[in-house]
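*Asks:* Sequence unavailable; structure follows:
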C-alpha cells in the first residue's frame, strides 16, 4: 500500500491562536515540545473580546514566564472595581457594587490566596503576549491557514489544511491534535464530541469605540457600567453594558437584539446611536471602530477528547461573558493538557494519562457555563426592583425609576429591593471560589484516604485552600536567603515537585532515588526554605515530616501527612504515587 508522505510534521498541531491555542503553544514550547499553530486569520485578535484575567490564570502565566508583561499592559485591579448601575453614564446612578476583589474583605482574601493579582487584559493585547513568547521559544505559527479535516490512526493524526494565500491544500502530520478553534469548532465537530446545552439563547452586539469619558467614569473606576435603557435586551434583561477597554478613552458596548428576528444592520450610524443612548451625551466626540453580532450560548462538551484529538477553550465550553470565565478557563484547559502531552511524548507517562484531561477539565467547563448563565439571570432582579422589565413606554420606565426617591413606604421597599438585588451580583463580580476552588478527581490524583470535607463556606464566593490531593497547592510566603517567594513559585516549570518539612529527609532521599527529575523543596527553620509568617504551617497538614507531591500544573497529586517510617517506605510510597499519576499503575 502506497503511503503519501505529509508535507509538514510536528509533535502537536494546534488549530486556533486564541487564548486556548496560544497558551497551549506557550506551555508546550516552554517545556520543549515541538508544536505548530495554524489559524484561518491573517493576524491575531483585533478586538478586545475576553478581558477579565483571574488569579488562577495569572498563576499560570507566572509559571510560563509572561506575568510581568501582562501586568505591564493590563488595567490594574484597583481600576476595575466600582461596577455601576445607572440610567446612562451621564445620567442618574442607581447603585454600585465593589467588584473583582476590590471589596476590602475580598481584597484581603485575594492577597491571602495567591502571589498574583487579577487584572483586565483585553484579548487583542493578551494574544500577542502569549503568541510572541511561544514563537520565541519554538512554536511554528502559520496565519491564513484553514483547518479542513483530520484522519487519525494508532500513531498520529494527519490534518488537511488550506493555504488561503496560495489557494492550495496540504497535509500536516502530528502525533496529537488540539482543537482550539472557538465556539464554532470544526475540530470538535469532526471529532464527534458530545455536547450538552443549547445555542442561540439570546442575541448581542459588540460596538467598539473611542471617546474620552473621563468625566463620567474616572471618579468611579470600573470595568463594567450597566445601563438601564429602553430597548436593551442583553441576555434577556433590560440593560445595556458599557465596558472599559482602556481607561478612559477606549470602550466596548454590549447591546441586545431579538435573536429570532436576526441582527440589525450594523451601520456606523446605528452603532453611534446606541453609544449616544448609553453614554447620555450627544456632544462628546465618538469614533466607532467596529461592530459585530454574536449569540449567547449555553453549551459544554461532555468529553474533551477522541483518540489523539483534544479540544480546549470555547470549542468545549460556550457561554456568555458573565463572571469573565471564558478565556481564564481556556488558558487553564491548555495548561492542564500541555504537561500531560509533554510527559507522554517524552515516554515518562503512559498515554492513559491523557484520559485524565476530560476527567479533570470537563466538570470545570460545565460549572462555568452554568455559573455564567446563572449570573445573567441574577441581573434581572435589579430591574425588577425598578419595575423595569415589563413592556412599557420609556416615559413610564423613567417614572418608575424616579419613584424610588419618594418619601413613601412603597419607595422605601423599592430602595431596599434594589440594594439587595445589586448586592446579590457578588456571585458574578466577586466569585473568588469559582476562580480558585477547583478540585480534580481522576486517575492522576492519588487519594490519601481522607473523606472529602466539602466546603465550610459558600464554594462559589469563598476560596478555601487545602493540601488534600486534587486541590491546587495553597499559597504561602516563604523565604530563601534574601528572597521571598510563594510556595507556588517552587513548583511548576513542567516538573513534579516534592514538598516536605523538618523530619522529611527520607522523602528527599526517596525523590532522588526513584526519579531525579522530581524537584525537592524542604521548608522549615534552617532548611532550604523558611516559613517566616507561619503561613505554610497553617495551610498544610504536612509541615513537619510529611510530604506533598505536586504535579507540574500546581495541583497536589499525593499527600502523606506524617514522616515516612524509613527511606525504603518513603521510596515505595513515592514511586507508587508517581506511577499512578503517570498512568503506569
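*Replies:* Great, that's in hand. Note that the structure is a prediction, hence the values are computed from the model and not measured.

*Asks:* So residue 295 belongs to a strand, correct?
*Replies:* Yes. Per DSSP: H, G, I helix; E, B strand; the rest coil, residue 295 lies within a strand segment.

*Asks:* Once you drop chain neighbours, what's closest to the most centrally placed residue in the chain?
*Replies:* With distances taken as CA atoms, centre = their mean, the residue of the chain nearest its centroid is residue 328 (1.0 Å). Distances taken as CB to CB, 6 or more residues apart in numbering put residue 57 closest to residue 328, at 4.5 Å, once the chain neighbours are dropped. To be clear about C-beta, it is placed using only N, CA and C from the backbone, and glycine gets the same treatment.

*Asks:* and the one you found, helix, strand or coil?
*Replies:* helix.

*Asks:* ok, back up a step: quick one: what helix or strand has the residue nearest to the centre of the chain in it?
*Replies:* helix 326-346 (DSSP states H and E).

*Asks:* for the nearest residue to residue 86 once chain neighbours are set aside, what are its contacts?
*Replies:* Leaving aside its sequence neighbours, residue 86 sits nearest to residue 93 (CB to CB, 6+ apart; 4.7 Å). Residue 93 makes contacts with 84, 85, 86, 220, as judged by CB atoms under 8 Å, 6 or more residues apart in numbering.

*Asks:* Mind listing what's buried along stretch 513-523?
*Replies:* 514, 515, 518, 519, 520, 521, 522, 523 (16 or more other CB atoms under 10 Å).

*Asks:* I'd like those as TSV, with distance to residue 253 appended.
*Replies:* Below are the buried residues of stretch 513-523 laid out as TSV (distance: CB to CB, whole Å):
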residue	distance to residue 253
514	58
515	54
518	51
519	48
520	53
521	48
522	54
523	50
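
*Asks:* about what we covered before: isn't the residue nearest to the centre of the chain right next to residue 56, touching?
*Replies:* Yes. Using CB atoms under 8 Å, residue 328 is in contact with residue 56, at 6.8 Å.

*Asks:* Overlap of the contact sets of the two?
*Replies:* Residues touching both residue 328 and residue 56 (CB under 8 Å, 6+ apart) are residue 435.

*Asks:* How about residue 301, nearest residue that isn't a chain neighbour?
*Replies:* Residue 301 sits nearest to residue 316 (CB to CB, 6+ apart), 4.0 Å away.

*Asks:* try residue 467
*Replies:* Nearest residue to residue 467, sequence neighbours excluded (CB to CB, 6+ apart): residue 540, at 4.7 Å.

*Asks:* Around that neighbour, count how many other residues there are.
*Replies:* 25 (other CB atoms under 10 Å).

*Asks:* That one and residue 487, how far apart?
*Replies:* 8 Å (CB to CB, to the nearest Å).

*Asks:* now residue 63
*Replies:* 13 Å.

*Asks:* With neighbour numbers in mind, choose between those two.
*Replies:* Set side by side, residue 63 and residue 487 show more neighbours around residue 487, with 27 against 21, by other CB under 10 Å.

*Asks:* Per-residue pLDDT of the more buried one, please?
*Replies:* On the pLDDT scale, residue 487 is placed at 96.

*Asks:* quick one: contacts for it?
*Replies:* 473, 474, 475, 476, 478, 499, 521, 536.

*Asks:* out of those, which is most surrounded?
*Replies:* residue 499 leads these on contacts (other CB under 10 Å) with 28 neighbours.

*Asks:* Would you mind checking the average pLDDT for the longest helix out of those in the chain?
*Replies:* Ranked by residue count and defined by DSSP state H, the top helix of the chain is helix 355-377. Per-residue pLDDT over helix 355-377 has a mean of 93.

*Asks:* Pull out the buried residues from that helix.
*Replies:* Buried residues in helix 355-377, counted by 16+ other CB under 10 Å: 355-369, 371-373, 375-376.

*Asks:* other SSEs contacting the next helix-or-strand element following it?
*Replies:* Next helix or strand after helix 355-377 toward the C-terminus (DSSP H and E): helix 380-384. Applying 3 or more CB pairs under 8 Å, 6 or more residues apart in numbering; DSSP states H and E, we find helix 380-384 packed against helix 409-423.

*Asks:* residues making contact with the helix or strand following the helix it packs on?
*Replies:* Beyond helix 409-423 in the direction of the C-terminus, DSSP H and E gives the next helix or strand as helix 426-429. Residues outside helix 426-429 that contact it (CB under 8 Å, 6+ apart) are 83, 97, 99-100, 224, 322-323, 371, 374-375, 378-379, 460-461.

*Asks:* With secondary structure added, can I get the contacts of residue 93 in CSV?
*Replies:* As requested, the contacts of residue 93 are exported to CSV (three-state DSSP):
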residue, secondary structure
84, strand
85, strand
86, strand
220, coil
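
*Asks:* ok, those residues vs residue 111, which is closest?
*Replies:* Nearest to residue 111 among those is residue 220, at 23.2 Å by CB to CB.
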